[in-house]
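Undergrad: Fold the following and give me the result.
(chains A, B, C and D)
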Protein chains: 2
Amino acid sequence: MTTRRRAAPDAATAEQVSLGRLDHYLGFRLRRLQNQLSKQFAAATALHGLRSGLFTALAIIEANPGISQNRLAREVGLDKSLVVLILDDLEKRGWAERRRSAADRRRHELGLTDEGQRMLNQLFESLDETEKGVFDRLSPDEIEQLHQLLDRAYSLWDDGAK
Amino acid sequence: MTTRRRAAPDAATAEQVSLGRLDHYLGFRLRRLQNQLSKQFAAATALHGLRSGLFTALAIIEANPGISQNRLAREVGLDKSLVVLILDDLEKRGWAERRRSAADRRRHELGLTDEGQRMLNQLFESLDETEKGVFDRLSPDEIEQLHQLLDRAYSLWDDGAK
DNA sequence: TATTGTTATACTCTATAACTATA
DNA sequence: TATAGTTATAGAGTATAACAATA
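TA: Residues are numbered from 1 along each chain as shown, chains lettered A, B, ... in the order given. I've put the predicted structure just below:
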């Protein structure tokens, strides 16, 4: 087991701080790595000042043109009232549009503008570079392994709830 | 590649929503899995109403008895003013104590109470069960693989910053 | 009556800066 | 002058409930 950051058991006064039992949990390592990744991505896209959830919303709309705000909310795991704010933001930027549905006039059908599509492509490029940087030390095989392990671990809990 | 949640490309009206390009990024899978994990853990410990950062702080104090608030802050990646609130909370619960340092009277030396130690043990048991549940489908070998891959990917960015 | 989107409200989380007491 | 801890404030992020329009 790798213990790079591990110091002596009670080295509170020394330079290194021990992680103790935390170091043996996947949850901790998952969070730690994901934090690094999202900080890197936020830094790479800082000039746009993207609010949280905005990038994901953009990507889901791209993959599901015409999706309603309600379904989008469920998919990103946010309340529909939050999605209203995200859509307000996206429309203000000119990256997405609400179109009243002809079939069900309560709904909005969501879509990207050309500008939004260009931005999304650009954001995915930033994400590509970020991930390339962070996962530098892993071989393509190992990255694929990681994908599969994460996917299998998650699929158990895909209960469609919330 | 596993595509369990993948629907037809533009199936906005069908039951399944496509994740589109997101599905090909480790950042997305990391976040998704980590969300599940932390929701499960929060649910398992809901009766205590633990504020965010409290569990981690407790674990770091256990592993580094006598640590200062400043070092704790750096280790958990929060501002020292946040750590004040967490310590207030921990003391109110009777789980941790601040003791004025004799060597440097500006500092507090942090430590767990017996009650805090018992609680932490109990919380780690909950975490054990949570992880056991979530990573049910992975073999011990695969779990160890996951540990190592996550650890190696992270260590690149262990720059001690912030 | 139920659902989609909206608004209002409040609560948590976090960052920043100013303050105090010690060094 | 610098550091450890504290306080106050403000800004995000999020959840909840009430509401209007439509089904």
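
Undergrad: drop to CA atoms for contacts and neighbour counts, all remaining ones
TA: Fine.

Undergrad: What separation do you get for the residue positioned nearest the centre of chain A and residue B:111?
TA: When CA atoms, centre = their mean is applied to chain A, the residue found nearest the centroid is residue A:56 (6.1 Å). The gap separating residue A:56 from residue B:111 is 41 Å, by CA to CA, to the nearest Å.

Undergrad: and the gap between the closest residue to the residue nearest to the centre of chain A other than its chain neighbours and residue A:93?
TA: Nearest non-adjacent residue to residue A:56, counting by CA to CA, 6 or more residues apart in numbering or on different chains: residue A:76, 7.3 Å away. As judged by CA to CA, residue A:76 and residue A:93 stand 20 Å apart.

Undergrad: okay, these two: which has more neighbours?
TA: More neighbours surround residue A:76 than the other of residue A:76 and residue A:93, with 16 against 11 (other CA atoms under 10 Å in any protein chain shown).

Undergrad: doesn't residue A:58 make contact with that one?
TA: No - counting by CA atoms under 8 Å, residue A:76 stays clear of residue A:58, with 10.7 Å between them.

Undergrad: got any residues that touch both of those two?
TA: Counting by CA atoms under 8 Å, 6 or more residues apart in numbering or on different chains, no residue touches both residue A:76 and residue A:58.

Undergrad: Remind me what the strand or helix carrying residue A:70 packs against, helices and strands.
TA: Counting by DSSP states H and E, the element that carries residue A:70 is helix A:69-76. If you count contacts as 3 or more CA pairs under 8 Å, 6 or more residues apart in numbering or on different chains; DSSP states H and E, helix A:69-76 packs onto helix A:54-63, helix A:80-93, strand A:108-112.

Undergrad: try 7 Å
TA: helix A:80-93 (3 or more CA pairs under 7 Å, 6 or more residues apart in numbering or on different chains; DSSP states H and E).

Undergrad: List the pairing partners of the next helix or strand along the chain from the helix it packs on within its sheet, with orientation.
TA: Later in the chain than helix A:80-93, the nearest helix or strand by DSSP H and E is strand A:96-100. Strand A:96-100 pairs in its sheet with strand A:108-112 (antiparallel), by DSSP bridges.

Undergrad: Name the surrounding residues that touch the strand it pairs with.
TA: For strand A:108-112, contacts defined as CA atoms under 7 Å, 6 or more residues apart in numbering or on different chains pick out A:61-62, A:65-69, A:95-101.

Undergrad: Which among these count as buried?
TA: A:61, A:62, A:65, A:66, A:67, A:68, A:69, A:95, A:96, A:97, A:98 (16 or more other CA atoms under 10 Å in any protein chain shown).

Undergrad: Tell me how far the residue nearest to the centre of chain A lies from residue A:62.
TA: Residue A:56 is 10 Å from residue A:62, where distance means CA to CA.

Undergrad: Please apply the same query to residue A:89.
TA: For residue A:89, the distance to residue A:62 - CA to CA - is 16 Å.

Undergrad: same thing with residue A:112?
TA: 7 Å.

Undergrad: again, but for residue A:147
TA: 22 Å.

Undergrad: and what of residue A:49?
TA: 20 Å.

Undergrad: I figured residue A:137 hits residue B:155, correct?
TA: No - counting by CA atoms under 7 Å, residue A:137 does not reach residue B:155; the two are 9.3 Å apart.

Undergrad: Now residue A:141: phi and psi?
TA: Dihedral pair for residue A:141: phi -60, psi -40, per degrees, to the nearest 10.

Undergrad: That one: neighbour count?
TA: 9.

Undergrad: picking that back up, dump the buried ones among the contacts of strand A:108-112 into JSON lines; add distance to residue A:84 and pLDDT as well.
TA: Compiled in JSON lines, these are given as follows (distance: CA to CA, whole Å; pLDDT from 0 to 100):
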{"residue": "A:61", "distance to residue A:84": "14", "pLDDT": "98"}
{"residue": "A:62", "distance to residue A:84": "17", "pLDDT": "98"}
{"residue": "A:65", "distance to residue A:84": "17", "pLDDT": "97"}
{"residue": "A:66", "distance to residue A:84": "16", "pLDDT": "97"}
{"residue": "A:67", "distance to residue A:84": "14", "pLDDT": "97"}
{"residue": "A:68", "distance to residue A:84": "11", "pLDDT": "97"}
{"residue": "A:69", "distance to residue A:84": "8", "pLDDT": "98"}
{"residue": "A:95", "distance to residue A:84": "14", "pLDDT": "98"}
{"residue": "A:96", "distance to residue A:84": "12", "pLDDT": "98"}
{"residue": "A:97", "distance to residue A:84": "12", "pLDDT": "98"}
{"residue": "A:98", "distance to residue A:84": "11", "pLDDT": "98"}
